[in-house]
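Colleague: model the following, please.
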Amino acid sequence: MNIIERGKTTLLLESENLKTLSDKLDENFENAVKELFKIKGRVITSGVGKSGHIARKAASTFASTGTPSFFVDPNECMHGDFGMIGKNDYCLLYSKGGESREIIELVNWLCRQDIPYIAITNEITSTLSKNAKITLPIYVDEEACPLKLAPTVSTTASLALSDALATALMDLRGFKSEDFAVFHPGGSLGRQLAKVKSIMHTKNLPIIGINATLNEALFKIIECQLGIVIAVDDSNKLRGIIVDGDLKRLFVNNNDIKNILSKEVKDIMNTSPKVIYEDTLIGEALHIMEGKITNLVVINNENNPIGIVHIHDILKIKAF
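Modeller: Residues are numbered from 1 along each chain as shown. Predicted structure coming up:
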């Protein structure tokens, strides 16, 4: 078998198994999600070898999506780490065969302490499965490696099942983007999940009355250096905007610049500008701009302008 065919075979076997796993998902999965949702403690994941790597990743996913969780090493448990597992915790144990010595030692201890666990395994008659409160099978017929030995299909299935549990728990908890931001403050993702009030301009805003002249608007744009002027009425309500591009187009298309500058702001302003609120996520603001808008006016609930977000402010913090 050539290299490309080997790659295709592996991907095909893993994708077919995921389809089987999806088709056979039943009330055991629903019950598992409900069990994890109602606990007062944490979700403790564990496994050895490749299953241990999957368990570590699962704990990280749970923890970052609103379900307190961490991984324990079965080997370390035999030397004191059993103390990391509390009575209010719920365990999620990974083992393809369900009979590894380390995982069975952990099972025996959990049973003595009356601490429940969910088994993710391929063997529903194994010791791991028989003692579990709930078993979630992974339905693996064969591994994808040429020797049919190295965990490949089984680890992919276990990982996918873990993600399914985590996302279902997110739904149950009503986990929102704002919650996600709390657990991901770093990196570009965290910056996108920050709110625009953290970067918006609030001082010396280019605000002008709708009856002001375009000459006054031009000087306001130059003074504030944001490329925009915000037009308000006598009650300080947003009525429109003019960007420097609007003025440039007027100047190019007309010879009588003096006459143009004497016009009033309300005559040429955009009366339906896109606006956002200070609690809007930076990522959402970036999406609204869509490469076409340079500035977004930030308003409050009374339609008063309170700030401006410029595309350069977003690019400067690399929120993309």
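Colleague: could you look up the SS state of the residue lying closest to Asp89 once chain neighbours are set aside?
Modeller: Distances taken as Cβ to Cβ, 6 or more residues apart in numbering place Gly41 nearest to Asp89, at 3.9 Å, with adjacent residues excluded. (Each C-beta comes from the backbone N, C-alpha and C, glycine too.) For Gly41, the assignment made with DSSP: H, G, I helix; E, B strand; the rest coil gives coil.
Colleague: contact partners for Gly41?
Modeller: Pro68, Gly86, Lys87, Asn88, Asp89, Tyr90 (Cβ atoms under 8 Å, 6 or more residues apart in numbering).
Colleague: where does the closest residue to Glu284 other than its chain neighbours land in three-state SS?
Modeller: In this structure, Glu284 finds its nearest non-sequential neighbour in Ile276, 7.6 Å apart by Cβ to Cβ, 6+ apart. Following three-state DSSP, we place Ile276 in the strand state.
Colleague: which residues of this protein fall in strands?
Modeller: All strands of the chain, identified by DSSP state E, fall at 43-47, 69-71, 90-94, 117-121, 134-137, 207-209, 228-232, 238-243, 275-277, 295-299, 305-310.
Colleague: mind putting those strands into TSV with mean neighbour count, distance to Asn253 and mean pLDDT?
Modeller: Output for those, formatted as TSV (neighbours: other Cβ atoms under 10 Å; distance: least, Cβ to Cβ, whole Å; pLDDT from 0 to 100):
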stretch	mean neighbour count	distance to Asn253	mean pLDDT
strand 43-47	27	65	96
strand 69-71	21	62	94
strand 90-94	25	67	97
strand 117-121	27	68	98
strand 134-137	21	67	98
strand 207-209	18	23	93
strand 228-232	24	19	93
strand 238-243	21	15	93
strand 275-277	17	28	92
strand 295-299	22	23	93
strand 305-310	21	26	93
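Colleague: Asn254 is nearest to which of the ones you listed?
Modeller: strand 238-243 (15.4 Å; Cβ to Cβ).
Colleague: how far out from the middle of the chain is the closest one?
Modeller: Here strand 238-243 is found 34 Å from its chain centre; the criterion is Cα atoms, centre = their mean, to the nearest Å.
Colleague: circling back to that earlier point, nearest to Ala212 among the contacts of Gly41?
Modeller: Once Cβ to Cβ is applied, the member of the contacts of Gly41 that ends up nearest Ala212 is Pro68, at 56.0 Å.
Colleague: give me the pLDDT for the closest residue to that closest one other than its chain neighbours.
Modeller: Once flanking residues are discounted, Pro68 sits nearest to Arg42: 4.3 Å by Cβ to Cβ, 6+ apart. pLDDT recorded at Arg42 is 93.
Colleague: quick one, phi/psi of Arg42?
Modeller: phi -120, psi 160 (degrees, to the nearest 10).
Colleague: tally of neighbours for it?
Modeller: The number of residues packed near Arg42 is 21, by other Cβ atoms under 10 Å.
Colleague: quick one: it and His53, what's the gap?
Modeller: 20 Å (Cβ to Cβ, to the nearest Å).
Colleague: same check, this time on Pro137
Modeller: In terms of Cβ to Cβ, Pro137 sits 20 Å off from His53.
Colleague: go on, Lys220?
Modeller: From Lys220 to His53 the distance is 59 Å (Cβ to Cβ).
Colleague: more neighbours, the two?
Modeller: Lys220 (20 against 17).
Colleague: mind checking how far that one is from Val243?
Modeller: Using Cβ to Cβ, we find Lys220 at a distance of 12 Å from Val243.
Colleague: how is this structure divided into domains?
Modeller: 3-175, 196-316 (automatic domain parsing).
Colleague: how far does the first one sit from its chain's centre?
Modeller: Chain-centre distance of domain 3-175: 22 Å, with Cα atoms, centre = their mean.
Colleague: next, Pro146: phi, psi?
Modeller: Per degrees, to the nearest 10, the backbone of Pro146 is at phi -60, psi -30.
Colleague: was I right to think it contacts Arg6?
Modeller: Yes: assessed by Cβ atoms under 8 Å, Pro146 is found in contact with Arg6 at 7.5 Å.
Colleague: residues near Asp246, how many?
Modeller: 18.
Colleague: separation between it and Leu147?
Modeller: Asp246 is 69 Å from Leu147, by Cβ to Cβ.
Colleague: and for Glu264?
Modeller: 81 Å.
Colleague: the two: who's more crowded?
Modeller: Legend: neighbour count by other Cβ under 10 Å for Glu264 and Leu147, higher for Glu264 (16 against 6).
Colleague: the nearest residue to the more buried one once chain neighbours are set aside: neighbour count?
Modeller: In this structure, Glu264 finds its nearest non-sequential neighbour in Asn211, 5.6 Å apart by Cβ to Cβ, 6+ apart. By other Cβ under 10 Å, 12 other residues sit near Asn211.
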